[in-house]
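Enquirer: curious how this folds, go ahead:
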Amino acid sequence: MHKQILMVSKNPPVPQPSAQESLQAAWDDAKEWINRDLAYVWKDEVKQDYKKIESATSRIAFIFRRLKAHHLVNRQEYTKELHDLKKLLSELNNIEPKQKWVDKIDADIMQIIDDLELGLSRRKFLRTAGRAAAGFALSSLIPNSLKAFAKKAAAKTGSTSMKASGELSVVDSYSRWNNKRPYRPDTKYIILHTTEGGGRGSLESLKKHGAANYMVDTDGKVCRIIHSGKVSNHAGRSMWGGLTNLNYHSIGIEVVGYYDRPINLQQINSLRLLLYQLQIRYKINDYNVLTHSMVAYGSPNRWHPKPHRGRKKCGLLFADHRLRKLLGLDDRPKKDPDVPNRLVIGDPVLAQALYGTGQDFDRAVGVYTAPGSNIISSSNKAWDIARAMFDDPSTLYIFSDGRQARGHEIADWSNIPSGTMVKLNQPISGEEIAASEESFEGFKVLGVHGKTPFEIAGSLAETDRTIYLLENGWIRTGLDIKKQGRDLRDAKINFSTLAAGTRMLVGYIYGGRILSGGKSAGGIAGSKWNDPSTYYILPYDWKKKAPAKIFTGDDIGNRESSIPNGIIVVFKE
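Expert: Residues are numbered from 1 along each chain as shown. Next up, the predicted model:
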């Protein structure tokens, strides 16, 4: 594998790989991907699967064209790969009956072969080709805190320079959900997160929920949790450019650390290599490497009557162009595409950090971390401090009289006294973990997360985008309760009489029952039928006196045939 150099000082100089060495390393990596893809499509079970063959050949074509533009490949170097492409072409021609898509791939492959056999272009090297092995100077682009870390590390080693290995250490640490998760229909983005906690506990949590594709630990080790091509439940309620539910369109990478603290050099090295490989494989440009804080948005609540940004600060530091430069990312979004289109309400301080200059970033983070920033006041509410975690069991509220309460234990958010201290990411007990399982992204509980439905869901409370699991076992939408049909009138159920303990799902669509002879789960929920955030509810059985049962898309896995008749499916909008 190739090596990478991080320069801390110009004295003594550390030799860096030549452009040709860098490109050769890129070519070696590319050949690995090509050979894996070709081995994959030769398997009997996928030879006639258009989507899988098309995906593999498309990626091969992309790699070849990029390498040609880099003036890297020549006829001697790619003889085997060229032979394999011709073999693939022969295999496709043997498929009967021959379909139009075979002709398309046939033409694509012939174009690749023609392009490469005509000779090599003398175009300039693209910068992205060298970034897998090129060195990066620790200059003014790096925050002072990271400079300080580098100096301390150099002092410990007794050297004025540090080497960052170019070898990417990836360990398979698969979640139990990996085999059940579906493959994404497409991969448009990579979304970077921070764990907001330590490595060991974070890995256990991520594996338990299948909540990331990769995790980069503090020693630079990369843990693979969910296959890179499969859905991981990392983005939650998310939107970018009008596209929602980004779990189905993105790879999630968790980096152990905090949104307001620098990651270390080992993590920078590993993340840079990981990004390089994934960007090559999935054809993702630098602009589309996003942060969770960019794409996350919240449903209406007591502080925001409409969908809004600011639900997460997670991954905020990866918006800073100085760190992005170290990660080999030369481009980034300059604004939120969904705020001008009125799909979400913007958050001014967050936007300053995400899309501003380095100074803007520092000022915004300073607002979040200033002395007293975790103390509730008339201008600093629980939401401003804790964001989506305001009602989570891991958020601890310490009142001025010494009393304490967890986020899920507070119902009256309008009367929290000024001077209350808020502590995030506090250790939680087994019971509190159970309560946390049904927090922000899932169920809300009336009387726990708010006194009224409108405190919990804002304007969505009385729409068909909020689902209520009523005390008597019925399942109704907010619009049903607003319209007051005869059954609800007779039962005297309305927004003012809803019982404490009523569970709510905000931002969800009621899909209806799955019945034999009717629509399947896929027919109702589309590709979301086995999404981790999709719920299957078997209502209370009045004859058997059996309580309601709730399953997630993870519980269903890939076995659509195992879904019980009569079950109700609800899924995120």
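Enquirer: domain assignment for this structure?
Expert: For the chain, automatic domain parsing gives the domain ranges 19-117, 168-369, 382-437, 442-506, 507-573.
Enquirer: now render those domains as TSV, adding mean neighbour count and distance to Ile375.
Expert: C-betas here are computed from N, CA, C, even on glycine. Formatted as TSV, the domains of the chain follow (neighbours: other CB atoms under 10 Å; distance: least, CB to CB, whole Å):
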stretch	mean neighbour count	distance to Ile375
domain 19-117	16	50
domain 168-369	20	13
domain 382-437	16	6
domain 442-506	18	22
domain 507-573	16	31
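Enquirer: CSV for these, including distance to Ile376 and mean pLDDT?
Expert: Shown next, in CSV, are these (distance: least, CB to CB, whole Å; pLDDT from 0 to 100):
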stretch, distance to Ile376, mean pLDDT
domain 19-117, 51, 55
domain 168-369, 13, 90
domain 382-437, 4, 78
domain 442-506, 17, 89
domain 507-573, 27, 81
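Enquirer: would you map the strands across the stretch 151-300 of the chain?
Expert: 162-164, 170-172, 189-194, 214-216, 222-224, 239-240, 243-244, 250-255, 289-291, 297-298 (DSSP state E, counting those that start in this stretch).
Enquirer: list the beta-bridge partners for Ser250.
Expert: Beta bridges link Ser250 to Tyr189, judged by DSSP bridges.
Enquirer: quick one: residues contacting it.
Expert: For Ser250, the contacting residues are 184, 187-191, 234-235, 290, by CB atoms under 8 Å, 6 or more residues apart in numbering.
Enquirer: same for the helix or strand where Asp384 lies, what does it pack against?
Expert: According to DSSP states H and E, Asp384 maps onto helix 382-386. Helix 382-386 is packed against strand 421-423, with contacts defined by 3 or more CB pairs under 8 Å, 6 or more residues apart in numbering; DSSP states H and E.
Enquirer: what's the strand it packs on packed up against?
Expert: helix 382-386, strand 396-398.
Enquirer: can you list these in CSV and add distance to Lys528?
Expert: Shown next, in CSV, are those (distance: least, CB to CB, whole Å):
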stretch, distance to Lys528
helix 382-386, 28
strand 396-398, 34
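Enquirer: so which strand or helix has Leu354?
Expert: Assigned by DSSP H and E, Leu354 belongs to helix 348-355.
Enquirer: give the contact list for Ile514.
Expert: Residues in contact with Ile514 (CB under 8 Å, 6+ apart) are 520-521, 524, 563-569.
Enquirer: ok, and what's touching stretch 199-216?
Expert: 170, 173-178, 181, 193, 195, 197, 217-218, 222-228, 230, 232-234, 251-256, 267, 270-271, 274, 532, 554.
Enquirer: of those residues, which belong to helices?
Expert: Judged by DSSP state H, those include 267, 270-271, 274, 554 as members of helices.
Enquirer: list just the nearest of the residues you listed to Pro337.
Expert: Leu271 (24.8 Å; CB to CB).
Enquirer: for the closest one, which non-adjacent residue is closest in space?
Expert: If the residues on either side of it in the chain are set aside, Leu271 comes closest to Val216, at 5.3 Å by CB to CB, 6 or more residues apart in numbering.
Enquirer: now do Lys528
Expert: Nearest one to Lys528, counting by CB to CB, 6+ apart, is Phe571 at 4.6 Å.
Enquirer: I'd guessed the one you found sits against Ala525; true?
Expert: Yes: using CB atoms under 8 Å as the test, Phe571 is close enough to Ala525 to be in contact (4.4 Å).
Enquirer: so what sits against both of the two?
Expert: Common contacts of Phe571 and Ala525 (CB under 8 Å, 6+ apart): 511, 531, 534.
Enquirer: what residues does the host helix or strand of the first one touch?
Expert: Following DSSP H and E, the helix or strand that holds Gly511 is strand 508-513. When contacts are defined by CB under 8 Å, 6+ apart, strand 508-513 is touched by residues 464-467, 475, 477, 519, 524-525, 535, 566-573.
Enquirer: let's see 10 Å
Expert: Here strand 508-513 makes contact (CB atoms under 10 Å, 6 or more residues apart in numbering) with 299, 442, 460, 464-468, 475-477, 479-480, 518-519, 521, 523-526, 528-529, 533-537, 539, 565-573.
Enquirer: those residues in strands, which ones?
Expert: Mapping the contacts of strand 508-513 onto strands (DSSP state E) picks out 466-468, 475-477, 535-537, 568-572.
Enquirer: what's the closest of those to Ala500?
Expert: Proximity of those to Ala500 (CB to CB) peaks at Tyr468, which lies at 13.1 Å.
Enquirer: looking at it, that closest one is touching Thr502, isn't it?
Expert: Yes: the pair Tyr468 and Thr502 passes the contact test of CB atoms under 10 Å, sitting 6.0 Å apart.
Enquirer: what is in contact with the two at once?
Expert: 446, 453, 493.
Enquirer: distance to Ser377 and secondary structure added to these, as JSON lines?
Expert: JSON lines is the format used below for the shared contacts of Tyr468 and Thr502 (distance: CB to CB, whole Å; DSSP: H, G, I helix; E, B strand; the rest coil):
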{"residue": "Leu446", "distance to Ser377": "28", "secondary structure": "strand"}
{"residue": "Pro453", "distance to Ser377": "28", "secondary structure": "helix"}
{"residue": "Ile493", "distance to Ser377": "39", "secondary structure": "coil"}
